[in-house]
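# Kindly generate the corresponding structure for this input.
(one chain, ligands or ions: 2)
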Amino acid sequence: MAIRDTLKKLTEAYGPSGEEENVRSMIRDMLNDQVDQIFEDNLGNLFAIRKGQKLKVMVSAHMDEIGVIVTHIDENGFLRIAPVGGISPRLLIGQRLRFNNELIGTVYHEKLKELKELDWPKIYLDIGADDLETAKKLVKIGDLACLDQPFKEQREGRYLAKAMDDRAGCAILVEVINRLPAELPHEVCFVFSVQEELGLRGAKTAAYRYEPDFGLAVDVTTVGDTPKAATMEVSLGKGPAIKVKDNSVLCHPLIRRFMVDVAEKNKIPFQYEVLTRGGTDAGAIHLSREGVPSGALSIPCRYVHTASEIVDKSDLDYAVLLLEKMLLSSWPQMEEINLR
Ligand code: CO
Ligand code: ZN
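Numbers count the residues shown, from 1 in each chain. Ligands and ions are numbered 1, 2, ... in the order given. Predicted coordinates for the structure are as follows:
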């Protein structure tokens, strides 16, 4: 499957944090016989292992997306909702939300004196029910919903969808798995993790179980190339980003240098990323057990955590190439690391 088709399928799937099963079964189907071992853990992380010599590398992309949870149903059948992950109530007005049973609701707000009053207590979800009884047949307290937007190709190679964060990362892993040859220098465990948006929860138990020698997260990052954006070095379409730091991890210098070496050797364009907020699975992996040297490969993405996240195909293609080349190379030796 071309990466565009994988991305379309994965971004349109329902998968807020804790309810990743649709995404997980899609990915399982895509991987089929491409890996030596495939299994799930107690929290729902999907592990896909390619055997190799020597060391163990864990590469993680999260399956979950931001969403909302039903907190109250009123007598007229309107729902009150709360965030699951970093989602802004302002960006939800007029948006459609979808439940796992395909039920669709739209978000609006109570009468406001000032726009700044617009917060979770002031917004509600209309699911087309006229009273409490009808609404209760459709939803329960605690049900989750995600954004409902189709994948679009805005122009050649410019993709627009919900949940690019982090189905773009999942699509890259799937593509790389399909391209890897039979013999690998290191064993690689691809983890499709759960509950990243709630604080890197899935990656934490996954790293504990797998005990990797190295960790790598593949996730989206924000960009600074839009009108009066917050200062940020990364732009769309200038190549994948090699993370230096975010709020969850200082990437290990040896891993970072190794990524740069591989990119330069293969003439792959890249950007350095310093993200002043947010985190990735690398944040959980590098703190596992006695510490795991970790890095992150980031996909530049506009409007992260909105219904219309944008990525560029060339960034995806180069990210696939860089990850593939990294997994075909010898990673920096443990002795070098221990010398630090
Ligand atoms: Co996110
Ligand atoms: Zn993410």
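
# Run through the residues that contact the nearest residue to Val70 once chain neighbours are set aside.
In this structure, Val70 finds its nearest non-sequential neighbour in Asp143, 4.8 Å apart by Cβ to Cβ, 6 or more residues apart in numbering. Just so you know, the C-beta spots here come from the backbone N, C-alpha and C atoms, and that holds for glycine as well. For Asp143, the contact set (Cβ atoms under 8 Å, 6 or more residues apart in numbering) comprises Ile69, Val70, Phe99, Asn100.

# and what of Gly169?
Ala61, His62, Ala217, Val218, Asp219, Val220, Ile299.

# Got a ChimeraX select line for the buried ones in the contacts of Asp143?
Selecting the buried subset of these in ChimeraX, with 16 or more other Cβ atoms under 10 Å as the burial test, is done by:
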select :69,70,99
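
# Which ones among the contacts of Asp143 map onto strands?
Ile69, Val70, Phe99 (DSSP state E).

# which among the residues you listed gets closest to Glu196?
Ile69 (16.7 Å; Cβ to Cβ).

# related to what we said a few turns ago, present the ones in strands among the contacts of Asp143 as JSON lines; the columns should include pLDDT and distance to ligand 2.
As requested, the ones in strands among the contacts of Asp143 are arranged in JSON lines below (pLDDT from 0 to 100; distance: Cβ to the ion, whole Å):
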{"residue": "Ile69", "pLDDT": "98", "distance to ligand 2": "19"}
{"residue": "Val70", "pLDDT": "98", "distance to ligand 2": "24"}
{"residue": "Phe99", "pLDDT": "98", "distance to ligand 2": "22"}
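
# Could you list the residues of this structure in contact with ligand 2?
Asp165, Asp166, Asp219 (Cβ under 5 Å from the ion).

# pretty sure the last one belongs to a strand, no?
Yes - Asp219: assigned to a strand according to DSSP: H, G, I helix; E, B strand; the rest coil.

# Tell me, how many residues neighbour it?
27 (other Cβ atoms under 10 Å).

# What separation do you get for it and Phe47?
According to Cβ to Cβ, to the nearest Å, Asp219 stands 18 Å off from Phe47.

# Equivalent analysis for the second one, please.
In this structure, Asp166 lies at 17 Å from Phe47, with Cβ to Cβ as the measure.

# what's the answer for Gly295, then?
20 Å.

# Please say which of those two ends up with more neighbours.
Gly295 (26 against 19).

# I'd like the next helix or strand past the host helix or strand of the more buried one.
For Gly295, the host element (DSSP states H and E) is strand 294-300. The C-terminal neighbour of strand 294-300 among helices and strands, as given by DSSP H and E, is strand 309-312.

# and the helix or strand that comes right after that following strand, what does it pack onto?
Per DSSP H and E, the first helix or strand lying C-terminal to strand 309-312 is helix 313-327. If contacts are counted by 3 or more Cβ pairs under 8 Å, 6 or more residues apart in numbering; DSSP states H and E, helix 313-327 sits against helix 3-12, strand 56-62, helix 164-179, strand 214-221, helix 253-265, strand 294-300.

# how about CSV for those, with mean pLDDT added?
Formatted as CSV, the helices and strands packed on helix 313-327 follow (pLDDT from 0 to 100):
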stretch, mean pLDDT
helix 3-12, 98
strand 56-62, 98
helix 164-179, 98
strand 214-221, 98
helix 253-265, 96
strand 294-300, 98
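
# Which among those is found nearest to Gln333?
Per Cβ to Cβ, nearest to Gln333 of those: helix 253-265, 9.0 Å.

# Which secondary structure elements does that closest one sit against?
Against helix 253-265 (3+ Cβ pairs under 8 Å, 6+ apart) you get strand 241-245, strand 294-300, helix 313-327.

# which outside residues touch the first one?
I take that to be strand 241-245. For strand 241-245, contacts defined as Cβ under 8 Å, 6+ apart pick out 217, 221, 234, 249-251, 256, 259-260, 263, 270-275, 280, 282, 295-300.

# now swap in the longest one and tell me
For helix 313-327, the surrounding residues in contact (Cβ under 8 Å, 6+ apart) are 3-4, 7, 57, 59, 157-159, 168, 171-173, 175-176, 179-180, 184, 186, 188, 216, 218, 236-240, 258-259, 262-263, 265-266, 268-270, 297, 299-300.
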